[in-house]
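Engineer: here is the input, now give the coordinates:
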Amino acid sequence: QVQLVESGGTSVQTGGSLNLTCIAPHSGDALKRHPMSWFRQTPGSEREVVATITHRNRTSYSAAVRGRFVISKDNGKHTVYPQMNDLKPEDSGVYYCKSNPSSPTNWTWGSGTQVTVET
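Structural biologist: As a prediction, this is how the structure comes out:
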């Protein structure tokens, strides 16, 4: 079963930038076969998709982050990245990566990584 490990979250000031990392060791060619997404979860809310990259490297973003976030991946390193720019307080939350809901898998959610954007 694919395991996912997110890292890179921290506290930043409004307008700052941050790069997160999601590593899926021992995932074989899973990142080549499934679209991968970054999700954000805030207290009391469901996880929401903020960025997706397909196996053909096509990207899509939620309206809230479009133009500020860039998702990419390195299949050889089994890693998915979001580059997060011009951060806003509403970007705060716990960020997770996983296969996009359009391509369901039985992968277990990782622990996520906390991002806090301070005013």
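Engineer: tell me how many other residues crowd the closest residue to residue 8 other than its chain neighbours.
Structural biologist: Leaving aside its sequence neighbours, residue 8 sits nearest to residue 20 (Cβ to Cβ, 6 or more residues apart in numbering; 4.1 Å). Any C-beta I mention is one placed from the backbone N, CA and C, and that applies to glycine too. Residues within reach of residue 20, counting by other Cβ atoms under 10 Å, total 23.
Engineer: just the one 4 residues further on next, same as before
Structural biologist: With neighbours defined by other Cβ under 10 Å, the count for residue 24 comes to 24.
Engineer: do the same with the one 10 residues further on
Structural biologist: The local packing of residue 34 (other Cβ under 10 Å) involves 21 other residues.
Engineer: in contact with residue 4, which residues?
Structural biologist: Shown in contact with residue 4 (Cβ atoms under 8 Å, 6 or more residues apart in numbering): 22, 23, 24, 96, 97, 98, 107, 108, 109, 110.
Engineer: residues of stretch 72-85 that come out buried?
Structural biologist: Across stretch 72-85, burial judged by 16 or more other Cβ atoms under 10 Å covers 73, 78, 79, 80, 81, 82, 84.
Engineer: format those residues as a markdown table; extra columns: secondary structure, distance to residue 40 and pLDDT.
Structural biologist: A markdown table is the format used below for the buried residues of stretch 72-85 (DSSP: H, G, I helix; E, B strand; the rest coil; distance: Cβ to Cβ, whole Å; pLDDT from 0 to 100):
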| residue | secondary structure | distance to residue 40 | pLDDT |
| --- | --- | --- | --- |
| 73 | strand | 18 | 95 |
| 78 | coil | 22 | 93 |
| 79 | strand | 19 | 95 |
| 80 | strand | 14 | 95 |
| 81 | strand | 15 | 96 |
| 82 | strand | 10 | 95 |
| 84 | strand | 10 | 98 |
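Engineer: and the most centrally placed residue in the chain, what's its pLDDT?
Structural biologist: Centroid-nearest residue in the chain, with Cα atoms, centre = their mean: residue 38, separated by 2.4 Å. According to the prediction, residue 38 has pLDDT 97.
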